[in-house]
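> missing the sequence, but the structure's below:
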């Protein structure tokens, strides 16, 4: 068995770095209209959670598309208002205050 055969048989489908066809992830994202249809889920707080780095590292997505997948689509689908905690609001105000 070659290394590429082993990688194809043992890697999870969501892990694209072993893909034998370099454009397969990009094509898949285009086919599913990922910019508006895909929502990132980490399965936090479990020990086997997925970090968002696989999305960050995709070279064919621009910054706006990554933001949509990592939170914007969920915000739209679930009608989240983007409310922030009092502590976060204070930090934002302090950071934007003139010095």
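Ah, there it is. None of these values were measured; they are calculated from a predicted model.
> Identify all contacting residues around the helix or strand hosting residue 95.
Using DSSP states H and E, residue 95 maps to helix 86-96. With CB atoms under 8 Å, 6 or more residues apart in numbering as the test, helix 86-96 has contacts from residue 84. C-beta here means a position set from N, CA and C on the backbone, and glycine is covered the same way.
> mean confidence for it?
In this model, helix 86-96 carries a mean pLDDT of 88.
> which regions of the protein lie under the pLDDT threshold?
Counting by pLDDT under 70, the ranges of the chain that qualify are 4, 6-22.
> Next, the spatially most central residue of it: secondary structure please.
Among the residues of the chain, the one closest to the centroid is residue 55, at 3.8 Å (CA atoms, centre = their mean). With DSSP: H, G, I helix; E, B strand; the rest coil as the basis, residue 55 sits in helix.
> and residue 69, how far is that from residue 78?
Noted for residue 69: a distance of 15 Å to residue 78, by CB to CB, to the nearest Å.
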